[in-house]
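# I would like the atomic coordinates for the input below:
(2 chains)
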Amino acid sequence: GAVVSQHPSRVICKSGTSVKIECRSLDFQATTMFWYRQFPKQSLMLMATSNEGSKATYEQGVEKDKFLINHASLTLSTLTVTSAHPEDSSFYICSAPDPNEAFFGQGTRLTVV
Amino acid sequence: QKEVEQDPGPLSVPEGAIVSLNCTYSNSAFQYFMWYRQYSRKGPELLMYTYSSGNKEDGRFTAQVDKSSKYISLFIRDSQPSDSATYLCAMSRNDYKLSFGAGTTVTVRA
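Predicted coordinates:
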């Protein structure tokens, strides 16, 4: 099946710094990618939809100025957590659909200290 | 009320038992129904994918969708310790935005 690669798998950063997470579709083109967040023992919650060549659309309650999304090519979307705070510590997962299903990246464990 | 309800468990069964998982939902616009398996600290992987109502079988896994009751199920036959994971139901309209259940943690005891 299709492969979505997400990098890094784990990152620890200091409070106030920014962190960039990459999501790549390796063997197919993805005009749309989705970013989810998962807190411990909770389910995945959709944060935003990344659209190639246009602005991302954010779910209610997600700060677009804090979670910057760029989808500059058909195979790469990036999520930048700006001015990270400890409450942003979470598991972030990207997803890219092809015609039949949604493929997920491996996830990024972000810890803000 | 959450859009998708799933009992988080945990659920513990002996090896060889049938694992029964289910979700209910409130949005009648959902047409695509999926079950994902997630191991600790990993991204979810697709197990079963069903469009609209009906049953689908794949090896030891059977997925059922009852749209009239807004109820979906996943059955795992002859469960193995390697089936120990968190199982997430997910569903969408036709835009690939997935709404997830809370996930049920399953442990299969050897």
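
# the lowest-mean-pLDDT helix or strand in chain B pairs with which strands, parallel or anti?
When the helices and strands of chain B are compared on mean pLDDT, DSSP states H and E, strand B:45-51 comes out lowest with a mean of 87. If you go by DSSP bridges, strand B:45-51 pairs up with strand B:32-38 (antiparallel).

# show residues contacting the partner strand.
For strand B:32-38, contacts defined as C-beta atoms under 8 Å, 6 or more residues apart in numbering or on different chains pick out A:101-102, A:104, B:21, B:44-51, B:61, B:63, B:65, B:72, B:74, B:85-94, B:98, B:100, B:103. Just so you know, the C-beta spots here come from the backbone N, C-alpha and C atoms, and that holds for glycine as well.

# and chain B, is the helix or strand of chain A with the lowest mean pLDDT touching that?
Across the helices and strands of chain A, mean pLDDT, DSSP H and E gives its lowest value to strand A:102-104, namely a mean of 84. Yes: using C-beta under 8 Å from any C-beta of the partner chain, strand A:102-104 reaches chain B at A:Ala102, A:Phe103, A:Phe104.

# I'd assumed A:Val4 was in contact with the last one.
Pointing back at A:Phe104 there. Yes: here A:Phe104 reaches A:Val4: they are 6.2 Å apart, a contact under C-beta atoms under 8 Å.

# overlap in contacts of these two?
Here A:Phe104 and A:Val4 have A:Cys94, A:Ser95 as joint contacts, going by C-beta under 8 Å, 6+ apart.

# export the least confident helix or strand of chain B to CSV, keeping only CA atoms.
Output of strand B:45-51 as CSV, limited to C-alpha atoms (Å, rounded to 0.1, in the frame of the first residue of the first chain):
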residue,chain,number,x,y,z
GLU,B,45,-2.9,1.3,10.6
LEU,B,46,-6.0,0.4,8.6
LEU,B,47,-7.6,-3.0,9.4
MET,B,48,-11.0,-2.8,7.7
TYR,B,49,-12.8,-0.5,5.4
THR,B,50,-16.5,-0.6,4.7
TYR,B,51,-18.7,1.5,2.6
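
# buried residues in that strand?
B:Leu46, B:Leu47, B:Met48, B:Tyr49, B:Thr50 (16 or more other C-beta atoms under 10 Å in any protein chain shown).

# let's have those residues in CSV, adding distance to A:Ala30.
Formatted as CSV, those follow (distance: C-beta to C-beta, whole Å):
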residue, distance to A:Ala30
B:Leu46, 16
B:Leu47, 22
B:Met48, 22
B:Tyr49, 18
B:Thr50, 23
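
# apart from its chain neighbours, what residue comes closest to residue 18?
The chain I'm using is chain A. Distances taken as C-beta to C-beta, 6 or more residues apart in numbering or on different chains place A:Thr82 nearest to A:Ser18, at 4.7 Å, with adjacent residues excluded.

# can you look at chain B instead?
Nearest to B:Ile18 is B:Arg77, by C-beta to C-beta, 6+ apart, at 5.5 Å.

# ok, the one you found - contacts?
By C-beta under 8 Å, 6+ apart, B:Arg77 lies in contact with B:Ile18, B:Arg60, B:Phe61, B:Thr62.

# just curious, which of the residues you listed is nearest to chain A?
Relative to chain A, the closest of the contacts of B:Arg77 is B:Phe61; by C-beta to the nearest C-beta it sits at 15.2 Å.

# wait, that closest one touches B:Ser73, no?
No: counting by C-beta under 8 Å, no contact exists between B:Phe61 and B:Ser73, whose distance comes to 10.9 Å.
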